[in-house]
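In: quick check, what structure comes out for this input:
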Amino acid sequence: MDSSRIVDEFPAPSFRGAQKQALSDIRDAFEDGNDVVLVRAPTGSGKSLLARAIAGCARQPGSTDDSSGGSGHPDDEVAGVRPIGAYYTTPQVSQLDDVAGDELLEDLSVIRGKSNYSCILPGETSTPVNQAPCARERGFNCPVKHRCPYFSDRSIASNRSIAAMTLAYFMQTAGSDVFGTRDVVVIDEAHGLAEWAEMYATIELSPATVPVWDACEPPQIDGLSDIEDYTEQLTTVCSRRQEELRGNVELSPAEAEERDQLAELQRDIGWFLEDLRDTESPTTWVSDQGDDRTITVKPLDPARYLHHTVWNRGTKFALLSATILNKESFCRGAGLNPADVALVDVPHTFPVENRPLYDVTQGKMTYENRDETLPKVARTIVRLMAHHPDEKGLIHAHSYAIADRLYELLDDFGVTDRVRAHDSENRDAALSGWKRSDGADVFISVKMEEALDLNGDLCRWQVLCKAPYPNTNDSRVAQRLEDDQWGWYYRTALRTVIQACGRVVRAPDDHGATYLADSSLLDLFDRARHDMPQWFKAQVDRMERPELPAFDPDSTGDATNETSTPGRRSGSSASESTTNARRSGSIDDHPLSDVWGDG
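Out: Here you go, the predicted model:
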């Protein structure tokens, strides 16, 4: 890595805010010999542009540069090969979409998973590439493989200096001959790296994920030793079924999907058993079993998983986020030695008066208090709609259960002509429709605290309905709290709040108000104050209760756009919305699952 090139590699024609100083600080951190640099940059500071500049410093083919100070991946060192090029990766699909559409980042070659591409063979154009004839028929020689959109993008990305992909695809390609070790790895929105790794490493054993379920249904499980025995048996049954499929000259699309599912299941089980039996592994495994005997096996602090899926993939790493709140805690969770990691703080250059917080708390939104508090929150939203009659608003409902009930209450008040909502199946379409509208509609959202750019008049105000604490019904959360990791618990919630606050103020001359409706948010600020970035403390310290109009549904204004809107306005009921969310798999058992579920 030649970090001295970092300013020259910045892709924009000019610098904004603190970008030039940030690049200088990042350069110094790498030149000091750090292999990993954390870049804590506030929302709207142009992290993607900083990421591109860092990636541009990667060693190029034919380079004799030895300034990085690192020896590269051990396997490459043995082979006498120094890694070249860079990876850009992010957990957020929408963030990758933004990169793909940014002309300043056009030299980032984007590659997605096979299921995102359609086959181009006649008669197969509605078939995703992972179920196309090349995946179904043994020895199939595709006559148009050179034009296949997936293999074309993969070939381009593997040969270009900077390959861009989601974190999921990046982790899945660990050990790939196509995407091997590179000199520099840049991870954008990296604050949840440990949690994302936990989610990817979680193994769900259910009828939906185990094709041989009927032939190998699990017994009642009592601890990890029972799971170890069952997964060994399951491996044998899966191997038998794989042999049957391999005996077929041609597979149907369903059989091709089953084959891939079996292979993925075998890999996951193999890694779990290897890690479980390794007495030196730092990973702690916990498990749950549902009434239908479905088993979920989950890792805590999967540092070993990150080692082979992330840390073995590069020589130098830059991890960017607005909300890496505690360096030592982040490093522990990600399997890094804090002594080998530098932290670069990028100051916030947006005027604090442009991003105000307002206290409109109505009581606690815990499960026990929600029935009493939520009607008060709904009345407050009506008052806010009157306060912002000509401006779009966003409601962070936290869960589908809250979103459904909130919509019902607003409907009772007669103001839903100005309200839009979504379920798990139409969330992207509903969001796009709301953003395109010219009116002052209010959008009730679930799990949109991150990777949502609402610049300018796209949104001028938002409401946080509930403190986003991790779901204590999840066994991982319960285990951490049993281990007295309350700091992690509060930091996780604070991180989500800070991310949410950044949705409506995207530039120095932009402005947007954030209203806090749950009194537990005030308690969170007190408990996690020592982990707050200084620029967010400034927002909290200026917080006040606003003067709002009296409750009057007739004064909220009218939507001026479509007469029918995706979501509940187009006819689906609240109960139907929640049912759809469960059917489509939106509700899982990750520690942050209560943003989808009823917690």
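In: contacts, neighbours, all on C-alpha from now
Out: OK.
In: buried set for the strand or helix carrying residue 494?
Out: Using DSSP states H and E, residue 494 sits in helix 486-501. For helix 486-501, burial by neighbour count (16 or more other Cα atoms under 10 Å) applies to 488-501.
In: show me which of these is closest to residue 49.
Out: residue 499 (18.8 Å; Cα to Cα).
In: spit out the contact partners of the closest one.
Out: By Cα atoms under 8 Å, 6 or more residues apart in numbering, the contact set of residue 499 is 43, 322-323, 449-450.
In: quick one: it from residue 447, how far?
Out: The gap separating residue 499 from residue 447 is 11 Å, by Cα to Cα, to the nearest Å.
In: pull up the overlap in contacts between these two.
Out: The contact sets of residue 499 and residue 447 do not overlap (Cα under 8 Å, 6+ apart).
In: which strands or helices does the helix or strand where residue 21 lies pack on?
Out: If you go by DSSP H and E, residue 21 is part of helix 19-31. When contacts are defined as 3 or more Cα pairs under 8 Å, 6 or more residues apart in numbering; DSSP states H and E, helix 19-31 packs onto strand 36-40, strand 341-345.
In: can you list contacts of the helix or strand that the last one is followed by?
Out: Pointing back at strand 341-345 there. Using DSSP H and E, the helix or strand that follows strand 341-345 in sequence is strand 357-359. Strand 357-359 is contacted by residues 513-517, 539-540, 542-546 when judged by Cα under 8 Å, 6+ apart.
In: helices of the stretch 301-450 of the chain, start to end?
Out: 303-309, 327-334, 370-387, 400-412, 427-436 (DSSP state H, counting those that start in this stretch).
In: residue 552 is nearest to which of these?
Out: Among the helices of the stretch 301-450 of the chain, helix 370-387 comes nearest to residue 552, with 7.1 Å by Cα to Cα.
In: for the closest one, packing partners?
Out: With contacts taken as 3+ Cα pairs under 8 Å, 6+ apart, helix 370-387 sits against helix 400-412.
In: check which residues of the helix it packs on are buried.
Out: In helix 400-412, residues buried by neighbour count (16+ other Cα under 10 Å) are 400-410.
In: now stretch 456-463
Out: In stretch 456-463, counting by 16+ other Cα under 10 Å, buried: 457-463.
In: taking these one by one, which sit in strands?
Out: Judged by DSSP state E, the buried residues of stretch 456-463 include 461-463 as members of strands.
In: mind checking the pLDDT average for the strand ranked longest in the chain?
Out: Longest strand in the chain, counting residues (DSSP E): strand 314-321. Averaging pLDDT along strand 314-321 gives 96.
In: just stretch 548-555 next, same as before
Out: 90.
In: how far does that stretch sit from its chain's centre?
Out: Remark: stretch 548-555 is offset 37 Å from the chain centroid, using Cα atoms, centre = their mean, to the nearest Å.
In: in that stretch, what counts as buried?
Out: 551, 553, 555.
In: nearest spatial neighbour of the first one, skipping sequence neighbours?
Out: In other words, residue 551. Spatially, and ignoring its direct neighbours in sequence, residue 551 is nearest to residue 383 (5.3 Å; Cα to Cα, 6 or more residues apart in numbering).
In: pretty sure that neighbour is touching residue 548, no?
Out: Yes: at 6.4 Å, residue 383 and residue 548 qualify as touching, with contact defined as Cα atoms under 8 Å.
In: do a quick rundown of the helices in the stretch 51-200 of the chain.
Out: Counting by DSSP H, counting those that start in this stretch, the helices of the stretch 51-200 of the chain are 74-79, 93-100, 133-136, 149-159, 167-172, 193-201.
In: give me the low-pLDDT residue ranges for this structure?
Out: 64-80, 558-599 (pLDDT under 70).
In: could you pick out the longest helix of it?
Out: Criterion DSSP state H: the longest helix present in the chain is helix 253-277.
In: how far does it sit from the chain's center?
Out: 23 Å.
In: tell me which residues in the helix or strand just after that helix are buried?
Out: Downstream of helix 253-277, the next assigned helix or strand under DSSP H and E is strand 284-289. Using 16+ other Cα under 10 Å as the test for burial, strand 284-289 gives 285-289.
In: stretch 122-129 too?
Out: Neighbour-count burial for stretch 122-129 flags 127-129 (criterion: 16+ other Cα under 10 Å).
In: for it, list the C-alpha coordinates in CSV.
Out: Extracted C-alpha coordinates of stretch 122-129, given in CSV (Å, rounded to 0.1, in the frame of the first residue of the first chain):
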residue,chain,number,x,y,z
PRO,A,122,-33.6,-18.3,-24.9
GLY,A,123,-36.4,-19.6,-22.7
GLU,A,124,-34.4,-19.0,-19.5
THR,A,125,-34.6,-15.2,-19.3
SER,A,126,-36.7,-15.3,-16.1
THR,A,127,-34.3,-17.9,-14.5
PRO,A,128,-31.7,-16.5,-12.0
VAL,A,129,-28.2,-17.6,-12.9
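In: and the contacts of it?
Out: Looking at what lies outside stretch 122-129 - Cα under 8 Å, 6+ apart - the contacts are 114-119, 132, 135, 150.
In: dump those to a markdown table, plus distance to residue 308 and neighbour count.
Out: Formatted as a markdown table, the contacts of stretch 122-129 follow (distance: Cα to Cα, whole Å; neighbours: other Cα atoms under 10 Å):
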| residue | distance to residue 308 | neighbour count |
| --- | --- | --- |
| 114 | 22 | 18 |
| 115 | 24 | 13 |
| 116 | 25 | 12 |
| 117 | 27 | 19 |
| 118 | 30 | 19 |
| 119 | 31 | 25 |
| 132 | 30 | 22 |
| 135 | 27 | 20 |
| 150 | 25 | 23 |
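In: now, which of these sits nearest residue 309?
Out: Using Cα to Cα, the contacts of stretch 122-129 come closest to residue 309 at residue 114, 19.0 Å.
In: who's in contact with the closest one?
Out: 128-130, 150.
In: also residue 131?
Out: 253-254, 256-257.
In: kindly report the same for residue 273.
Out: Residue 273 makes contact with residue 228 under the criterion Cα under 8 Å, 6+ apart.
In: can you count the residues close to residue 270?
Out: Other residues near residue 270 come to 15 when the count uses other Cα atoms under 10 Å.
In: with residue 482 instead?
Out: The number of residues packed near residue 482 is 10, by other Cα under 10 Å.
In: same deal with the one 3 residues further on?
Out: One way to gauge burial is a neighbour count; for residue 485, by other Cα under 10 Å, it gives 13.
In: state the distance from it to residue 492.
Out: 11 Å.
In: and what of residue 48?
Out: For residue 48, the distance to residue 492 - Cα to Cα - is 23 Å.
In: what of residue 480?
Out: On the measure of Cα to Cα, residue 480 and residue 492 end up 12 Å apart.
In: next: residue 275.
Out: Residue 275 is 26 Å from residue 492, by Cα to Cα.
In: that older thread, looking at the helices of the stretch 51-200 of the chain, spot the one closest to residue 470.
Out: In terms of Cα to Cα, the element of these nearest to residue 470 is helix 193-201, at 11.2 Å.
In: quick one: that closest one to helix 486-501, angle?
Out: When axes from the mean of the first three to the mean of the last three Cα atoms, to 10 degrees is applied, the directions of helix 193-201 and helix 486-501 differ by 90 degrees.
In: so for stretch 32-47, what gets flagged as buried?
Out: The neighbour-count check on stretch 32-47 (16+ other Cα under 10 Å) flags 33-47 as buried.
In: farthest-separated two in those?
Out: By the measure Cα to Cα, 33 and 44 form the most distant pair in the buried residues of stretch 32-47, at 28.7 Å.
In: excluding its backbone neighbours, what's nearest residue 213?
Out: Excluding its sequence neighbours, the residue lying closest to residue 213 (Cα to Cα, 6+ apart) is residue 207, at 5.5 Å.
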